[in-house]
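[1] test case, fold it:
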Amino acid sequence: MQPPTDPTPTSRDRLVIAILLVASFTVILNETIMNVALPRLMTDLHVDASTVQWLATAFMLTMAVVIPTTGFLLQRLTTRAVFFTAMTAFSLGTLLAGLAPTFEVLLLARVVQATGTAVMLPLLITTVLTLVPPQRRGVVMGNLSIVISVAPAVGPTLSGLILGSLSWRWMFLLVLPVALAALLLGARALTNVGERRESTLDALSVPLAALGFGGLVYGLSTIGTPAGLAGAAWPLGLGVVALALFTWRQLRLARRDAALLDLRAFRFPAFTLGVLLMMIAMTALFGGAILLPLYFQTIRGLDTLQTGLLLLPGGLVMGLLAPLVGRLFDRVGPLPLVVPGAVLMTAVLWAFGGIDARTPVWLLLGLHLVLSVGLALLFTPVFTSTLAPLPARLHSHGSAILSTAQQVAGAAGTALLVTVMTARTAALTRGGASPVAAQTAGLQAAFVLAAVIAVLAVLLALLQRRSTAGPGLHEDGALNAAD
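    Got it, this is the predicted structure:
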């Protein structure tokens, strides 16, 4: 399908994108909605901390396993078929979670939810790349970044507000009507986008992808649990070996356009650079989403409602800035936006490394707002410039690769920062430090490490070009050269 030449999407195209945006925001919100609810669930469902953590781990694990298959699904099935499958799975999982009588049923519900969630973001990205011409993508990607960045940030806030007066079940029961409304609207108005391609599913690639990406996410998530490095060693080892075999097989299958996940996208330098930069940004986003609630609740003694309200302004700032950043990107390109964004992110993480039990709340709120501004400057330009050079035939695979990388980065960032915090806290506790002093020092160490990692984002941001070519411009040149 040739990319559109009219710089203004039609009303039908805008409706399709709007439906997918609402649906994607709804499903991705649930990835972090349980972050501040885990203590309540431990009490209500009579499970310990290592067990309840599986509600978050299983969600990420399922996402990491399912997302690599979406490149194949988006080429083989119609837009409507993929949308209905994803939203039906998510809605059923949400209903089951809201009614779950036991922890085991709730865990199963989270897996079903994640199956639907995993498909929606690659579907949204691929649809935008197909319908929107390069000169208008900044604005549309700005709206898309609301889904990618704001939904995970708003998740803890929403759950904090709900838990302040209602049962944890309402975290799901209140989301269910929105999901069903999006499903019904899609049934009425959603049209098929792009063209289907006949392809076969390689039987060996699917288990290799599941073992590879699933092993990495599970192993990284295990590092922060009592099992520690010893418990994480075997899944990480299995994941690395399976991922190496998966990569080898995909490169072979790509020669006849039969790859489950076409890794030839990495032959475009702008794509590779953008994936690395996005992984670092997601590490900061998910790491902050874990560390800040821990600080507010364990050191400052705030409840879930107060914690949610303090995190809410940052999420709103990202949402409000995203369309503006998109318009600026269309005018000035990525470099003037990405570099300041990376610098702001690094500076705030470094400042968080100095907070303690006496840090004024207004200063914490201000720092979180500045961090949100930095992330807003990063997400839209990076997403747009990362995917823009890919030819149309690699759109679905590129979006699947980018989404998978986000999940691995989120798991890695969470595991690494929580492990550093826990190790530092335990060491100081053994040395006789008070619990508050030990926990504060542990959080400071985790934030300093996050700042060090963010320095890499600044270096990568400096490599961003002022402008990137849209799909179709490289269709005959770069892709053939890559082959």
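
[2] from here on, contacts and neighbour counts on C-alpha atoms
    Will do.

[3] helices and strands around the longest helix along the chain, which ones?
    Scanning the chain for the helix with the most residues, using DSSP state H, yields helix 395-430. With contacts defined as 3 or more CA pairs under 8 Å, 6 or more residues apart in numbering; DSSP states H and E, the packing partners of helix 395-430 are helix 54-66, helix 70-76, helix 103-131, helix 205-223, helix 269-294, helix 361-387, helix 435-461.

[4] go with 7 Å
    helix 54-66, helix 70-76, helix 103-131, helix 205-223, helix 269-294, helix 435-461 (3 or more CA pairs under 7 Å, 6 or more residues apart in numbering; DSSP states H and E).

[5] nearest to Val361 among these would be which one?
    Closest approach to Val361 among the helices and strands packed on helix 395-430 (CA to CA): helix 269-294, 12.0 Å.

[6] list the buried ones in the longest helix of the chain?
    For helix 395-430, a neighbour-count test (16 or more other CA atoms under 10 Å) marks 395-426, 428-429 as buried.

[7] thinking again about what came up before, mean neighbour count, mean pLDDT and distance to Leu96 for the helices and strands packed on helix 395-430 - can I get that in TSV?
    Converted to TSV, these look like this (neighbours: other CA atoms under 10 Å; pLDDT from 0 to 100; distance: least, CA to CA, whole Å):
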stretch	mean neighbour count	mean pLDDT	distance to Leu96
helix 54-66	24	82	14
helix 70-76	23	81	24
helix 103-131	24	88	6
helix 205-223	25	83	24
helix 269-294	22	81	26
helix 435-461	21	90	36
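
[8] Gly354: which of those is closest?
    Nearest to Gly354 among the helices and strands packed on helix 395-430 is helix 435-461; the distance by CA to CA comes to 6.1 Å.

[9] now the angle from the closest one to helix 361-387?
    For helix 435-461 against helix 361-387, the angle by axes from the mean of the first three to the mean of the last three CA atoms, to 10 degrees is 30 degrees.

[10] what's helix 435-461 packed up against?
    For helix 435-461, the elements it packs on are helix 269-294, helix 335-352, helix 395-430, judged by 3+ CA pairs under 7 Å, 6+ apart.

[11] need the contact list for the closest residue to Ala109 other than its chain neighbours.
    In this structure, Ala109 finds its nearest non-sequential neighbour in Gly93, 4.5 Å apart by CA to CA, 6 or more residues apart in numbering. By CA atoms under 7 Å, 6 or more residues apart in numbering, the residues touching Gly93 are Ala109, Arg110, Val112, Gln113.

[12] any weak-confidence spans in the stretch 201-350 of the chain?
    Where the stretch 201-350 of the chain drops to pLDDT under 70, the residues are 224-227, 285-289, 304.

[13] roughly how far does Gly410 sit from Thr79?
    Applying CA to CA, to the nearest Å, the value for Gly410 to Thr79 is 28 Å.

[14] okay, and Asp330 sits in which element?
    Here Asp330, judged by DSSP states H and E, is contained in helix 304-332.

[15] got the angle between that helix and helix 361-387?
    Computed by the same axes, to 10 degrees, the angle separating helix 304-332 from helix 361-387 equals 40 degrees.

[16] gap between stretch 28-48 and the chain center?
    Counting by CA atoms, centre = their mean, to the nearest Å, stretch 28-48 is centred 19 Å from the centre of its parent chain.

[17] endpoints of it, how far apart?
    Taking CA to CA, stretch 28-48 runs 26 Å from one end to the other.

[18] one more: stretch 126-138?
    The first residue of stretch 126-138 is 15 Å away from its last residue (CA to CA).

[19] what's the spacing between that stretch and its chain's center?
    Computed by CA atoms, centre = their mean, the chain-centroid distance of stretch 126-138 equals 20 Å.

[20] try stretch 38-55
    The answer for stretch 38-55 is 23 Å, by CA atoms, centre = their mean.

[21] next one: stretch 273-284
    10 Å.

[22] what lies in contact with that stretch?
    The contact list for stretch 273-284, computed with CA under 7 Å, 6+ apart, reads Val382, Thr386, Leu402, Ala405, Gln406, Ala409, Gly410, Gly413, Ala450, Ala454, Ala457, Leu460.

[23] now, the most widely separated pair of those?
    Top of the distance list for the contacts of stretch 273-284 (CA to CA): Thr386 and Ala450, 23.0 Å.

[24] need the three-state assignment for Val47.
    Taking DSSP: H, G, I helix; E, B strand; the rest coil as the rule, one finds Val47 in the coil state.

[25] what number of residues are in the vicinity of it?
    Applying other CA atoms under 10 Å, we find 14 other residues in the vicinity of Val47.

[26] next up, the contacts around the nearest residue to Ile401 once chain neighbours are set aside.
    In space, and not counting its chain neighbours, Ile401 is closest to Pro68: 6.9 Å by CA to CA, 6+ apart. By CA under 7 Å, 6+ apart, the contact set of Pro68 is Ala209, Leu261, Ala400, Ile401, Thr404.

[27] quick check, nearest of those residues to Leu129?
    Among those, and counting by CA to CA, the member closest to Leu129 is Ala400, at 13.0 Å.

[28] send me stretch 361-369 as PDB with only the CA atoms.
    Extracted C-alpha coordinates of stretch 361-369, given in PDB (Å, rounded to 0.1, in the frame of the first residue of the first chain):
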ATOM      1  CA  VAL A 361       6.800  17.900  49.300                       C
ATOM      2  CA  TRP A 362       6.500  20.900  47.000                       C
ATOM      3  CA  LEU A 363      10.100  20.300  45.800                       C
ATOM      4  CA  LEU A 364       9.300  16.600  45.200                       C
ATOM      5  CA  LEU A 365       6.200  17.600  43.200                       C
ATOM      6  CA  GLY A 366       8.300  20.200  41.200                       C
ATOM      7  CA  LEU A 367      11.000  17.600  40.400                       C
ATOM      8  CA  HIS A 368       8.400  15.100  39.200                       C
ATOM      9  CA  LEU A 369       6.800  17.700  37.000                       C
END
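
[29] avg pLDDT for it?
    The pLDDT scores in stretch 361-369 average 92.

[30] chain center to it, what's the gap?
    That offset, for stretch 361-369, works out to 24 Å (CA atoms, centre = their mean).

[31] contacting residues around it?
    Stretch 361-369 has contacts (CA under 7 Å, 6+ apart) with Leu310, Pro313, Gly314, Val348.

[32] against Gln306, how distant is the closest residue to the first one other than its chain neighbours?
    Spatially, and ignoring its direct neighbours in sequence, Leu310 is nearest to Leu365 (6.6 Å; CA to CA, 6+ apart). Here Leu365 is placed at a distance of 12 Å from Gln306 (CA to CA).

[33] and if you look at Ile17?
    Distance from Ile17 to Gln306, counting by CA to CA: 34 Å.
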